[in-house]
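K.L.:
got a sequence here, can you build the structure:
(one chain, ligands or ions: 1)
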Amino acid sequence: MADAPTTTSPDGADAPRTGLSAAALQRGVLDNLLCLRARYPEIARPHDWYMALAYSVRDRLLARWAASVRTYAATDVRVACYLSAEFLIGPQLGNNLVNLGIETSAREAMRGLGVDLDMLLALEEEPGLGNGGLGRLAACYLDSLATLEIPAIGYGIRYEFGIFDQLIRDGWQVETTDKWLQEGNPWEIVRPEVAFYVGFGGHTHNETDAQGRLCVRWTPTRQVKGVACDIPMAGYHVNTCNTLRLWKSEAIESFDLQDFNAGDYYEAVNEKVISETLSKVLYPNDEPEAGKRLRLAQQYFFVSCSLQDMLRLLDIKGEPVGSFAKVFNVQLNDTHPSIAVAELMRLLVDERQVSWDEAWAITRRALAYTNHTLLPEALETWGLPLMRGLLPRIIEIIYEINRRFLDEVRQRFPGDEARVARMSLIDEHGDKLVRMAHLATVGSHAINGVAELHSALLKQTVLRDFAELWPERFYNVTNGVTPRRFLLLCNPALARLLDDTIGAGWETDLAQLRKLEAYADDAAFQARWRDVKQSNKAVLAERIRGATGIEVDAAALFDVQVKRIHEYKRQHLNALLIVTLYRRLLRNPQLALTPRCFVFGGKAAPGYAMAKLIIRLINGIAEVVNHNPLVNGRLKVVFYPDFNVKNAHFIYPAADLSEQISTAGKEASGTGNMKFMMNGALTIGTLDGANIEIREEVGDDNFFLFGLSADEVERVKRAGYRPADYVKENAELGDVLELIADGRFSRGDREMFRPLIDNLTQADPFLVLADYAAYVARQDDVSAAWQDTRRWTRMSILNTARAGKFSSDRAIAEYCEKIWKIEPVRIALDR
Ligand code: 26Q
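P.N.:
Just a heads-up that it's a prediction; the model follows:
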């Protein structure tokens, strides 16, 4: 983690806009403070200093960015285009300092100006342009792409309002708008000249063009302009700096506001408002009905702009459209950008006069699709009338793709009309729906899941017929996370210990962490390891006090579950455990209970009542348990409000135990599980998603496994799940449910948690009660293991040592090799 050499800048270490020395940075900061903020040191507020430093760091990125783009334009490169409706990139300043290797000089430069760097880092508003795992994965992949020197562009939407901010009032989640752009965003470069038009509505008709060819013309009723907003994405200690290009929607002035009379004027202004609404807000997941039409418009908007941009870049490179798939690999992050299949066909056939067959070959060669969910309610479909009204030409193309595809199915499986109906891009049961996962699959040369189990289940369930038809197109790429942000940046004390022990190099070759195994039983090393964890826990304890007022003891076992709140993730199973331990203490106050601090964090979708009730339950339990003198501090429960990337930075490093307790078969991969492991937490978990691979790597002895397997879950469901049986068998469980139902955690209100209790005891698709006994028993093992400090420390060290597989560098290397066939390109900084 040593800083990079400070002499690689074009004009030497001291140039004010590019130099990497402390002196050069300091001059850059003073220049930018005056020239971009119109401030001088005596009147600069902390935020002015933040902006001045951010701009100075951006100046340094831009030298690398220009060299990268210039190289990509001039040479024969293949480019990965990562299309995602979400990029949850987190705070940028610290990460850019780390990747440029100038954290030390920045600290020194600011100290010289009387400003504390950590104070500035804490000021940054993070761009919350994602819901959770899928958006954060996209951000980790951009970091690895740049670090591995892979030519890449991330394409997405510049939401004016990202994911809502979460407040907790009376134990309930309250949403407030995220105003991340209020103070300006120093990292983005708006490019008014890189703009494309996207049509909506209207009709199509057939025409004969000048060459006598039959073609289709689409006349939309409305056009929206997409303007590129670029954020530079620098690799770690390399010159590569790629682009995250986010599209902002704008009204077309000339189109709307010319030749109006009084009546038309307001209509035209209204049109402008609608156009600017397109990139206004990120939709939360798990909200199936909210803003359906706008969400589809958002998807088409960003996909169309992105594909038009690729065609423009191809023109700039002087390559024919026929080379599209030779130059671009377009990865679809779930089905959210899957309309790309039809839009690329439209652009090639209608706008570039490519024949259907050639266009189809290009499209399929260029596109690949990653699936992130098997939950039926999360599989995207769009009603036919909605799509026909908004995108009339696109729906025609989807029908033509489907017609040709189903012909192929009929040839392979003659007479099997049931199969044809199952595989069709259109669901014809009841109201007709376009199945976006089918569209993405048919239009891609590679389809992958995000963990071994998930990829296997994908082929057995959601895409079974497709896997039978085209087995060679199916892959697994297990997710990964960037060790730069989630170890080096967020856990500097551990990073230093790693450097001291195994030397630098692990940051870009995480398998090197294996060298730690040799120290797992070394008493002196163990002591240092514990010191690091202890200091991280003290930091979290302080943050908890600041955010919630709750005092926690940093000596207790820190048991952490942070992730979106969802029934399948089963935060309520964790809550049942806490009530179980609480009840044991009440019955026997002398009980030798391992002191634990339970930390929860995560947002519930605003329309997801059960998830919000789970948050209320956790807070209700906290209120009672934290204040009961009989408990005497041995149990503490914390709901840390507004879990986001910034908070994650000090939560993962402080965890002793990571809760990964989803119903087996439901969590596609999980990535939080990997962040915890890297930072030395032990996992209690089910055989789900990447937990399985984590356990394989770390070994059964170092992982607390419990619960039904995915197969067993299915068997129980097929036989008819009867939650009451589990209550009958287990008196403790019955008592725990009774305590909750009785109003103990709702200030006597016996109605509040009734929906939750009814759900658990009557018709819970996530089998919470079926796994309760095994979970509680395994947690007793955890408590016992914690008592043996040397054993626990050994397990903690081995978790970090064996986390190498879960680097996003490994994942990106697999995408490059198996799916994209892309090689690294060295970027030289021109002098
Ligand atoms: C869909 C339609 C309308 C509005 C919103 C959405 C929507 C938005 C986001 C649906 C789903 C998401 C996000 C899904 C997600 O984060 N999935 C997670 O992806 C991770 C990365 O692969 C996995 O590790 C997790 O297991 C998976 O749950």
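K.L.:
quickly find the element holding residue 538.
P.N.:
Here residue 538 sits within helix 523-548, counting by DSSP states H and E.
K.L.:
what helices and strands are in contact with that helix?
P.N.:
helix 492-502, strand 635-640, helix 645-651, helix 789-801 (3 or more C-beta pairs under 8 Å, 6 or more residues apart in numbering; DSSP states H and E). All C-beta spots, glycine's among them, are computed from the backbone N, C-alpha and C.
K.L.:
kindly recompute the last result at 10 Å.
P.N.:
The contact analysis (3 or more C-beta pairs under 10 Å, 6 or more residues apart in numbering; DSSP states H and E) places helix 523-548 against helix 492-502, strand 557-562, strand 596-601, strand 635-640, helix 645-651, helix 789-801.
K.L.:
can you list the ones you listed in a markdown table and add mean neighbour count?
P.N.:
Listed next are the helices and strands packed on helix 523-548 as a markdown table, based on neighbours: other C-beta atoms under 10 Å:
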| stretch | mean neighbour count |
| --- | --- |
| helix 492-502 | 18 |
| strand 557-562 | 24 |
| strand 596-601 | 25 |
| strand 635-640 | 24 |
| helix 645-651 | 20 |
| helix 789-801 | 20 |
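K.L.:
out of those, nearest to residue 674?
P.N.:
helix 789-801 (10.5 Å; C-beta to C-beta).
K.L.:
packing partners for the closest one?
P.N.:
Counting by 3+ C-beta pairs under 10 Å, 6+ apart, helix 789-801 packs on helix 492-502, helix 523-548, helix 672-678, strand 682-685, helix 691-698, helix 768-787.
K.L.:
now render those as CSV, adding distance to residue 38 and mean pLDDT.
P.N.:
Shown next, in CSV, are the helices and strands packed on helix 789-801 (distance: least, C-beta to C-beta, whole Å; pLDDT from 0 to 100):
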stretch, distance to residue 38, mean pLDDT
helix 492-502, 34, 98
helix 523-548, 33, 98
helix 672-678, 40, 98
strand 682-685, 51, 98
helix 691-698, 51, 98
helix 768-787, 56, 98
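K.L.:
looking at those, which is buried most?
P.N.:
The highest average neighbour count among these, using mean count of other C-beta atoms under 10 Å, belongs to helix 672-678 at a mean of 29.
K.L.:
if we can go back for a sec, out of the helices and strands packed on helix 789-801, which gets nearest to residue 465?
P.N.:
Nearest of the helices and strands packed on helix 789-801 (C-beta to C-beta): helix 691-698, 25.6 Å.
K.L.:
in PDB, list the C-alpha atoms belonging to the closest one.
P.N.:
Extracted in PDB, the C-alpha atoms of helix 691-698 (Å, rounded to 0.1, in the frame of the first residue of the first chain):
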ATOM      1  CA  ASN A 691     -21.500 -18.500   1.100                       C
ATOM      2  CA  ILE A 692     -20.900 -21.900  -0.300                       C
ATOM      3  CA  GLU A 693     -17.700 -20.800  -2.000                       C
ATOM      4  CA  ILE A 694     -16.600 -18.800   1.000                       C
ATOM      5  CA  ARG A 695     -17.000 -22.000   3.200                       C
ATOM      6  CA  GLU A 696     -15.100 -24.000   0.500                       C
ATOM      7  CA  GLU A 697     -12.200 -21.500   0.600                       C
ATOM      8  CA  VAL A 698     -12.000 -21.000   4.400                       C
END
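K.L.:
got the angle for it vs helix 789-801?
P.N.:
If you take axes from the mean of the first three to the mean of the last three C-alpha atoms, to 10 degrees, helix 691-698 sits at 110 degrees to helix 789-801.
K.L.:
other SSEs contacting helix 691-698?
P.N.:
helix 452-460, strand 657-660, helix 672-678, strand 682-685, strand 704-705, helix 789-801.
K.L.:
I'd like those as CSV, with distance to residue 246 appended.
P.N.:
Below are these laid out as CSV (distance: least, C-beta to C-beta, whole Å):
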stretch, distance to residue 246
helix 452-460, 28
strand 657-660, 31
helix 672-678, 25
strand 682-685, 34
strand 704-705, 41
helix 789-801, 34
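K.L.:
can you list the buried residues in the longest helix along the chain?
P.N.:
In the chain, taking DSSP state H as the definition, the longest helix is helix 46-74. Across helix 46-74, burial judged by 16 or more other C-beta atoms under 10 Å covers 48-61, 63-69, 71-72.
K.L.:
quick one on the thing from earlier: indicate which one of the helices and strands packed on helix 789-801 is closest to the ligand.
P.N.:
helix 672-678 (8.2 Å; C-beta to the nearest ligand atom).
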